[in-house]
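Q: Provided below are the primary sequence and the corresponding predicted coordinates.
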Amino acid sequence: MRQITLLFTMFVFTFFGYSQQEVVQDFESSPTVAGFEGLASASIVADPSSAGNGNVFELVTSTDGNPWQGAEVILADDSVLDLTSDISISVDVWSDTAFSPMVKVESSEGAAPAANTQNHTGSGWETLTFTFDTGSDGTATANGVYTKLVFFPNRNAADDGWNTPPVDITVYFDNITGMKTTLGGGGGDNDNPPATAAPTPPSLDDAAVISLFSDQFNNISVDAWSAPWDQADVEDVMVEGNATKKIDFINFVGVDFATTPFDASDMTHFHIDYWTDETDLVGKVFNIKWSNHEGGNGETNAFELNNDLTGSDISGQWVSIDVPLSDFIEVNGSDKSAFAQFLITSNLDVVYVDNIYLYNENFSINNFELAQYKTYPNPASDVWNISSAHTQIKSVQIFNTLGKSVKEIKVNDSEISIQVNDLASGIYFAKIQDTNGQINTRKLIKK
């Protein structure tokens, strides 16, 4: 009778197309994990009990850490959680002490974070079910695709705060089970790259620029464009004959050059060009970080730039970030003597990038080119004049600091006048092509 009932139940579920929960992470594949806020350790270890669970996720708390200490697990992009119609997951949890773990789900796809707390009796392995509609710790109800789980072992049983001081325990997690899906691309399309190359950077003296990646400059030596600890894939592609980096984001990309760090103390500005075809940019970010390793013993301080894309109209076009380093947020100090890593954190799907460099704006124009072209007045209110004593000018194209072309003038003369009273005040770049096909760039200022 039990067998008939089981078969009938399976038939009903199959007939109506009901989906079933699956294991999205069993810790046998060494996923990316990390502890935070003073947790003593977070690691994947063999199951210490006799249950035979294989590898499990071990968290060891510290009474010296913050009460909200915990650890995160990044799910593989072919095995993430779809918490839309079914917003519950189950997790096997081991402890020999009663505690109240809180599990939080976070998304690189724009879904709001959600959290839920359950009680463990301390009797060894127990399977706990977390339903993400209770708003633990001020979060929302789950609705969307989630790519990260965060485990907090020090939540209090009433789910209204943290145990103070933190509990001193070792706990294990295994077999995260829920509605499984894959990252299908949040609007970016791997088969739809940019049709045109990134804008050509202005000509800079070698002493005025430190370049990570650009065909225009001599690039530094990079150990890894996608470090083992990051959460992204990087591919070298060609766009209109121009070398370009294609980044497939899960969370962040880490460019590592720690074996040959450089001194950026003389640099005043940062530049990067990026391209995405995503159209839904609500809640999307493209944040930059330079990590300084003074003394060579890991990060000692950092510089962060938050770039919120909400309300932007950037889809399908190259966008240039060109900002003073003073716009970056200094984290733990202002030393720039040993830049060793460059990071981009983004919840966009696929992004193409080019021309990643630092420069000194006070030493930016090659002296030979200064002699070749004369630009005046600069700054100007009404007109820029560009003249050459050595060659004929074929065309001049004016770009704003976002890399957008705002004027293009065809000419075949040694001098040209460009009306600029219709342009907004600010910095522009003139891309000058002569009749021999040579291209030079000038920085111009509109008053």
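A: Cool, got the structure. Residues are numbered from 1 along each chain as shown.
Q: in the stretch 101-250 of the chain, which segments are predicted with low confidence?
A: For the stretch 101-250 of the chain, applying pLDDT under 70 flags the ranges 184-191.
Q: please redo it, this time with the cut-off set to 50
A: Applying pLDDT under 50 to the stretch 101-250 of the chain flags the ranges 185-190.
Q: contacting residues around Asn301?
A: Taking C-beta atoms under 8 Å, 6 or more residues apart in numbering, we find Asn301 in contact with 292, 294, 330-335. The way it works is simple: take the backbone N, C-alpha and C, and place the C-beta from them, glycine included.
Q: Just the pLDDT at it, thanks.
A: According to the prediction, Asn301 has pLDDT 95.
Q: Name the nearest residue to it, ignoring sequence neighbours.
A: Spatial nearest neighbour of Asn301, chain neighbours left out: Gly333 (3.6 Å); criterion: C-beta to C-beta, 6 or more residues apart in numbering.
Q: And Ser387, by the same measure?
A: Using C-beta to C-beta, 6+ apart, the closest residue to Ser387 is Glu415 (4.1 Å).
Q: Hmm, Thr391 and the one you found touching each other?
A: No - the criterion here is C-beta atoms under 8 Å, and Glu415 misses it with Thr391 at 11.4 Å.
Q: these two touch, right, Val145 and Asp82?
A: Yes - at 5.6 Å, Val145 counts as touching Asp82 under the criterion of C-beta under 8 Å.
Q: Mind listing the shared neighbours of the two?
A: Common neighbours of Val145 and Asp82 (criterion: C-beta under 8 Å, 6+ apart): Thr181.
Q: which residues in the stretch 201-350 of the chain form helices?
A: Under the criterion DSSP state H, counting those that start in this stretch, the stretch 201-350 of the chain carries no helices.
Q: how about the strands in it?
A: Using DSSP state E, counting those that start in this stretch, the strands of the stretch 201-350 of the chain run over 209-213, 232-239, 242-249, 252-256, 269-275, 286-292, 301-305, 319-324, 329-331, 339-346, 350-359.
Q: ok, Val145 and Asp82, which is more surrounded?
A: Of the pair Val145 and Asp82, Val145 is the one with more neighbours under other C-beta atoms under 10 Å, namely 23 against 19.
Q: quick one: contacts for the more buried one?
A: Applying C-beta under 8 Å, 6+ apart to Val145 gives the contacts 80-83, 107, 109, 111, 181, 183.
Q: let's see 6 Å
A: Taking C-beta atoms under 6 Å, 6 or more residues apart in numbering, we find Val145 in contact with 80, 82, 109.
Q: What sits closest to the last one if chain neighbours are left out?
A: By that I understand Glu109. Val145 (4.7 Å).
Q: can you tell me how far the one you found sits from Pro48?
A: Per C-beta to C-beta, to the nearest Å, Val145 is found 33 Å from Pro48.
Q: Could you give the number of residues near the closest residue to Lys148 other than its chain neighbours?
A: Of all residues not flanking Lys148 in the chain, Glu106 sits nearest, at 4.4 Å (C-beta to C-beta, 6+ apart). By the measure other C-beta under 10 Å, the count of residues near Glu106 is 19.
Q: do the same with Ser405
A: Using other C-beta under 10 Å, Ser405 has 11 neighbouring residues.
Q: So what sits opposite it in the bridge?
A: Beta-bridge pairing of Ser405 under DSSP bridges involves Phe399.
Q: Equivalent analysis for Asp174, please.
A: Asp92.
Q: Would you mind measuring from it to Leu39?
A: Asp174 is 18 Å from Leu39, by C-beta to C-beta.
Q: cool, Ala140 as well?
A: 25 Å.
Q: Give me the neighbour count for the residue nearest to Val45 when sequence neighbours are not counted.
A: What sits nearest to Val45 in space, not counting adjacent residues and going by C-beta to C-beta, 6+ apart, is Glu58, at 4.7 Å. By other C-beta under 10 Å, 21 other residues sit near Glu58.
Q: Now do the same for Glu58: its pLDDT.
A: Glu58 is assigned 96 on the pLDDT scale.
Q: Then the one 4 residues further on?
A: According to the prediction, Ser62 has pLDDT 95.
Q: Hmm, it is touching Glu37, no?
A: No - counting by C-beta atoms under 6 Å, Ser62 sits too far from Glu37 to count as a contact (9.6 Å).
Q: which residue is nearest the middle of the protein?
A: Thr345 (1.8 Å; C-alpha atoms, centre = their mean).
Q: so how far is Thr310 from the nearest residue to it once chain neighbours are set aside?
A: Residue nearest to Thr345 in three dimensions, not counting chain neighbours: Phe252, with 4.1 Å by C-beta to C-beta, 6+ apart. Using C-beta to C-beta, we find Phe252 at a distance of 19 Å from Thr310.
Q: same deal with Ser62?
A: Distance from Ser62 to Thr310, by C-beta to C-beta: 37 Å.
Q: Asn297 too?
A: 38 Å.
Q: same question, Ile344
A: Ile344 is 18 Å from Thr310, where distance means C-beta to C-beta.
Q: More neighbours: the two, which one.
A: Neighbour comparison, Ile344 and Thr310: the larger count goes to Ile344, with 25 against 9 (by other C-beta under 10 Å).
Q: what pLDDT does the more buried one get?
A: On pLDDT, Ile344 comes in at 97.
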